[in-house]
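Engineer: need a structure here:
(2 chains)
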Amino acid sequence: MRSFSVPAVLALLAMCLTPTVCGAREHLQVFVTASYLELHTGAGRGYPVFNVVPRDESVLVLFRRTDWFKVRTTRGVEGWASQRDMLKTVLADGTPFTFDLGDRSGYTAHNFEAGAFWGVWGGANYVSAYTSYSFNSQLAVEAALGQFLGKFTNGVTGDIGLAHVVMPEWRLSPFFTLGTGFVHLTPKATLVQPADRVEQTAYVGAGVRCYLTRRFFLRAEFKSHYIFTNFNQNERADEWKMGFAFFF
Amino acid sequence: MENGIRVLLLTVALASLSGCASVRNWFHHDRETNDELAQAGDEGKRTDPSPDDDRAPRVVEPQVERRKVKVPKIHSSDVELGLDYGALSIEDFGTNPSYGATIAYHVTEDFFLQGEYGRSKGGRTSFETLSGNIQLLTPAERHFTYYDLSLGYNFLPGEAFLGHGIALSSAFYVLGGIGAVDFAGDDKFTVNFGAGYRVLPSDWLAVHITVQDRVFQSDVLGVTKLTNNIEMRIGTTVFF
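Structural biologist: Residues are numbered from 1 along each chain as shown, chains lettered A, B, ... in the order given. Predicted structure coming up:
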């Protein structure tokens, strides 16, 4: 049954997603203004050049993958052109072909970012991922999901809050966070089995992000979580983490 | 006498001429004069060449509105989603089939972030096999469920040739990251690393072969030790 279901699901997935990739679309036409436009066999600088498009000829831009554009020449040849070369093309009205470069300016102002972290939550190993949406270059709303794995307690955390980047144009820019969330605690005691519990949390934190290259940046942060319990005292847990993030 | 009459008539004629000149505006002749002046002015304007009137006179006024050109949006195809099937060797618990799902985001041509989720099942240990009916784990505890968050790096890009006429772009990649595994009734923090080979039969379809090791500390057999759990899997992904 399993051997049948896996290929069936694969085929279904392919059928569902194929039209999104191969469906008929209106493609952008650009004209080569440099001496020639090199076409590679794949989306990467390591793939060989197999065709060139001379100056003043046009190509249709089919789609984009990372820093490469799949184009089709007037003779029907399809290949991959680099972002750097595509900057030297123009539209039909003569205006330069512009697009999102995914460079340092994008690091300063972008819409979305996402990343993964490795850290410590309340003394336990912590795996976390986050995504955020920026209202402007300084203020963003972000959501994070994580799991901590300790000797005595495991748990899952979820946070949602605001992040304020102080100097977004700096390569090394600090930021502050504030928000709320939950923690699902699973104690690992063997003799007495305490029940799992879910508690609401609030956090305040700070961190720093550092632009690396292209769309990548490093992000390190600290959060101080206040866990609102039913006991006499609320609990507190510190979160330290660092990881890779990217903007898009 | 005749001379006197002639002088008198000439004097009257001259006086009447000047009188006609003085009564010229008595009967609203000024309006006509203004109209004439205005007309003369218009004619002057028409005849005076101005810099704006270099164009040829329009015979037919064009009624065509400028067409709004909509630039087509370029679709980005950076996300890869798919399923895989393989074999997972759980240290001390044998090798069993595994299956899972993968999602990756290609940030640059070199780097991608990948998330994996998969399941397998642990078999019987040597101790359980030799000792008869002793069971270290319940059937539910033998389920091996994992997830990983990894960073991948593409290297050795090239082409795979099928016969003389078909060339498929391909690449080797290495992976490394962190994650967690749920096995033997406990969640464990894992570190993973591995390598794979990707070949693209078309722009939107990829076939992967990946070997990945997940390392975590286990105390199932009474001694805490670092276990290596190697998985080899083949998967199909689609770009969208």
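Engineer: hmm, stretch A:57-76 touching chain B?
Structural biologist: Yes. Contact between stretch A:57-76 and chain B is present through A:Val61, A:Phe63, A:Arg64, A:Arg65, A:Thr66, A:Asp67, A:Trp68, A:Phe69, A:Lys70 (criterion: CB under 8 Å from any CB of the partner chain). C-beta: built from backbone N, CA, C; applies to glycine.
Engineer: put the alpha carbons of that stretch into PDB.
Structural biologist: Provided in PDB are the C-alpha atoms of stretch A:57-76 (Å, rounded to 0.1, in the frame of the first residue of the first chain):
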ATOM      1  CA  GLU A  57      18.100  41.000 -30.700                       C
ATOM      2  CA  SER A  58      15.300  40.300 -28.200                       C
ATOM      3  CA  VAL A  59      14.600  37.500 -25.800                       C
ATOM      4  CA  LEU A  60      11.600  36.600 -23.800                       C
ATOM      5  CA  VAL A  61      12.000  36.300 -20.000                       C
ATOM      6  CA  LEU A  62      10.300  33.100 -19.000                       C
ATOM      7  CA  PHE A  63      10.900  33.000 -15.300                       C
ATOM      8  CA  ARG A  64      13.600  33.600 -12.700                       C
ATOM      9  CA  ARG A  65      15.500  31.300 -10.300                       C
ATOM     10  CA  THR A  66      17.700  33.000  -7.700                       C
ATOM     11  CA  ASP A  67      20.000  35.300  -9.700                       C
ATOM     12  CA  TRP A  68      19.300  33.700 -13.100                       C
ATOM     13  CA  PHE A  69      16.700  34.200 -15.800                       C
ATOM     14  CA  LYS A  70      15.400  31.600 -18.100                       C
ATOM     15  CA  VAL A  71      15.000  33.200 -21.500                       C
ATOM     16  CA  ARG A  72      13.900  32.200 -25.000                       C
ATOM     17  CA  THR A  73      15.500  33.700 -28.100                       C
ATOM     18  CA  THR A  74      13.600  34.600 -31.200                       C
ATOM     19  CA  ARG A  75      14.900  31.300 -32.700                       C
ATOM     20  CA  GLY A  76      13.300  29.300 -29.900                       C
END
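Engineer: circling back to that earlier point, now, among the residues of stretch A:57-76 next to chain B, which is nearest to A:Pro48?
Structural biologist: Comparing the residues of stretch A:57-76 next to chain B against A:Pro48 with CB to CB places A:Trp68 closest, at 13.9 Å.
Engineer: for the closest residue to that closest one other than its chain neighbours, helix, strand, or coil?
Structural biologist: Spatially, and ignoring its direct neighbours in sequence, A:Trp68 is nearest to A:Ala43 (3.8 Å; CB to CB, 6 or more residues apart in numbering or on different chains). Of the three states, A:Ala43 takes coil under DSSP: H, G, I helix; E, B strand; the rest coil.
Engineer: quick check: pLDDT value at A:Ala43.
Structural biologist: Confidence at A:Ala43, expressed as pLDDT, is 91.
Engineer: how much space separates it from B:Ser202?
Structural biologist: Counting by CB to CB, to the nearest Å, the separation of A:Ala43 from B:Ser202 is 13 Å.
Engineer: equivalent analysis for A:Arg64, please.
Structural biologist: Distance from A:Arg64 to B:Ser202, by CB to CB: 16 Å.
Engineer: so which of the two has more stuff around it?
Structural biologist: Regarding A:Arg64 and B:Ser202, a neighbour count based on other CB atoms under 10 Å in any protein chain shown identifies A:Arg64 as having more, with 20 against 12.
Engineer: which residue, other than its chain neighbours, is closest to residue 153?
Structural biologist: Because you didn't say which chain, this covers chain A. Nearest to A:Thr153 is A:Pro187, by CB to CB, 6+ apart, at 5.2 Å.
Engineer: should've been chain B
Structural biologist: Spatial nearest neighbour of B:Tyr153, excluding adjacent residues (CB to CB, 6+ apart): B:Val174 at 5.3 Å.
Engineer: I figured that neighbour hits B:Leu151, correct?
Structural biologist: No. Using CB atoms under 8 Å, B:Val174 makes no contact with B:Leu151, being 9.3 Å away.
Engineer: list the buried residues for stretch B:99-119?
Structural biologist: B:99-102, B:104-116, B:118 (16 or more other CB atoms under 10 Å in any protein chain shown).
Engineer: so is that stretch next to chain A?
Structural biologist: Yes. With CB under 8 Å from any CB as the criterion, chain A is reached by stretch B:99-119 at B:Tyr99, B:Tyr105, B:His106, B:Val107, B:Thr108, B:Glu109, B:Asp110, B:Phe111, B:Leu113, B:Gly115.
Engineer: give me the subset of these lying in strands.
Structural biologist: B:Tyr99, B:Tyr105, B:His106, B:Phe111, B:Leu113, B:Gly115 (DSSP state E).
Engineer: burial of the closest residue to B:Arg124 other than its chain neighbours, as a residue count?
Structural biologist: Closest residue in space to B:Arg124, ignoring its immediate chain neighbours: B:Gly94 at 6.9 Å, by CB to CB, 6+ apart. As a burial measure, B:Gly94 scores 15 neighbours (other CB under 10 Å).
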